[in-house]
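Visitor: Please find the sequence and the predicted model below.
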Amino acid sequence: MQALLLAFSALLTGCSLGNAATPQPIEPPVRAMRIVSLDYCADQYVLKLVGRNRILALSPDATRDFSYMRTAARGVPSVAPRAEDVLVLKPDLVVRSYGGGADAGAFFARAGVPVLQLGFAEDLAGVRRVLLETAAGLGEPARGQAVAREMDARVAALREAHLSPFVPSGVAGRDLKGARLGPSTSLGTNVSEREGRSQPTLLYATPGGVTSGPGSLIHELIALAGYRNFQTQPGWQPLPLEQLAYARPDRVAMAWFGRRDYNPDQWSAARHPLMDRASDQPPIGLEGAWTACGGWFVLDAAEAMARARGAQLP
């Protein structure tokens, strides 16, 4: 307890000195044995890359529906991303994406705790880079390389599957007609989209009433799955209800978070009658955990969309 009080005293002193006292990041140990993860994005990498005996605590969201590794997280202690709660555990490494707030890295550095900051990935190449960097920071480079090789093989299979014809009657996605869905965030991969209008169109929709166009990560996943994005406006946009009044996509992909009875905003565009009849085919169900964070698992979403168009995948 005395050591903890001294650490807080140093923190307060550092804060009073302003920017001049901003500490340098502390080098993580070669192989940390008391790892604390501060948010569910960091949880995924920690659970995938290190053994449970090295995990001291995960974030409170590690077992939530939007956590891809939620099954592996069961039984692992959790801790709120508050400095006082984390420091009392005496971790030898804190792993974070956003947990603890913008100043968390500097805060823990003042307390003498190394922080492994996850990088930001804009596409699958970025996801692969973050995976390898994180694995190295956790002392598990070989595990990271193994997961990266699996990713490479899956991407290659998806690109090869572009040769498969679109089979509207071969619905492979989860039928979510009438479902009440939860929110979603997304990311994807840099791929060269096939030219020509022979590809089926797909509209990605979230229960919050937004979709994703060119320049976004979801757009890249749509292309990797062999579709043309129905949304042509760049970035995140409201669902194009006016366009749906006179044009329809071949398929609609909808994200959900394990609760089909989830009741989103009553005023969400996702509840508009035009969305109910946007396509003749049932919606392709995308689990929210597939795209809630930037990780190797975003390929699950691309594979689900590809299978729904008749693609044969391993």
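Guide: Okay, I see it.
Visitor: mind checking the SS state of the nearest residue to Arg70 once chain neighbours are set aside?
Guide: Leaving aside its sequence neighbours, Arg70 sits nearest to Thr63 (CB to CB, 6 or more residues apart in numbering; 4.9 Å). (Each C-beta comes from the backbone N, C-alpha and C, glycine too.) Secondary structure, DSSP: H, G, I helix; E, B strand; the rest coil: Thr63 is coil.
Visitor: any idea how far Phe297 is from Thr63?
Guide: According to CB to CB, to the nearest Å, Thr63 stands 16 Å off from Phe297.
Visitor: Could you pull out the buried residues of the one helix or strand Glu84 maps to?
Guide: Using DSSP states H and E, Glu84 falls within helix 83-87. Within helix 83-87, the residues scored as buried using 16 or more other CB atoms under 10 Å are Ala83, Val86, Leu87.
Visitor: which residues sit in contact with the residue nearest to Arg70?
Guide: By CB atoms under 8 Å, 6 or more residues apart in numbering, the residues touching Thr63 are Arg70, Ala73, Arg74, Ser78.
Visitor: which residues in the protein form strands?
Guide: Remark: strands assigned in the chain by DSSP state E are 35-37, 55-57, 93-96, 115-117, 201-205, 210-212, 228-229, 236-238, 251-256, 284-287.
Visitor: Not counting sequence-adjacent ones, nearest residue to Val113?
Guide: Closest to Val113 by CB to CB, 6+ apart is Val94, at 5.7 Å.
Visitor: ah, wrong one, I meant Gln233
Guide: Gly213 (4.8 Å).
Visitor: Look at that neighbour and say how many residues are nearby.
Guide: Using other CB atoms under 10 Å, Gly213 is surrounded by 19 other residues.
Visitor: so it sits right up against Pro238, yeah?
Guide: No: counting by CB atoms under 8 Å, Gly213 does not reach Pro238; the two are 10.9 Å apart.
Visitor: Show me what the longest helix seen in the chain is packed up against.
Guide: Secondary structure of the chain per DSSP state H: the longest helix is helix 141-160. Applying 3 or more CB pairs under 8 Å, 6 or more residues apart in numbering; DSSP states H and E, one finds that helix 141-160 contacts helix 40-49, helix 124-137, helix 217-224, helix 299-308.
Visitor: Give the burial count for Gly51, as a bare number.
Guide: 10.
Visitor: And it, what's its pLDDT?
Guide: With respect to pLDDT, Gly51 has a value of 96.
Visitor: repeat for Asn263
Guide: So Asn263 comes in at 50 (pLDDT).
Visitor: same check, this time on the one 3 residues further on
Guide: Among the per-residue scores, Gln266 shows a pLDDT of 63.
Visitor: wait, isn't Glu287 in contact with Trp256?
Guide: Yes: at 6.7 Å, Glu287 counts as touching Trp256 under the criterion of CB under 8 Å.
Visitor: Now do Ala42 against Arg159, distance only.
Guide: Counting by CB to CB, the gap from Ala42 to Arg159 is 30 Å.
Visitor: cool, and Pro114?
Guide: From Pro114 to Arg159 the distance is 39 Å (CB to CB).
Visitor: Just list whatever residues bridge to Pro238.
Guide: Val210 (DSSP bridges).
Visitor: I'd like to know how many residues surround it.
Guide: 14.
Visitor: Equivalent analysis for Ala146, please.
Guide: Neighbours around Ala146, by other CB under 10 Å: 13.
Visitor: Look up how far Ala136 lies from it.
Guide: For Ala146 relative to Ala136 (CB to CB), the value is 13 Å.
Visitor: Same check on Glu220?
Guide: For Glu220, the distance to Ala136 - CB to CB - is 25 Å.
Visitor: and these two? which has more neighbours close in?
Guide: Between Glu220 and Ala136, Glu220 has the larger neighbour count (other CB under 10 Å), namely 25 against 15.
Visitor: So the more buried one versus Val115, what's the distance?
Guide: 30 Å.
Visitor: on that earlier part again, higher neighbour count, Ala42 and Arg159?
Guide: Taking other CB under 10 Å, Ala42 and Arg159 do not tie; Ala42 has more neighbours (27 against 16).
Visitor: Surely the more buried one and Ser59 touch.
Guide: Yes: Ala42 is in contact with Ser59 according to CB under 8 Å; the separation is 7.1 Å.
Visitor: list the residues that contact both of those two?
Guide: Joint contacts of Ala42 and Ser59 (CB under 8 Å, 6+ apart) are Gly99.
Visitor: burial count for Pro282?
Guide: Neighbour tally, Pro282, other CB under 10 Å: 17.
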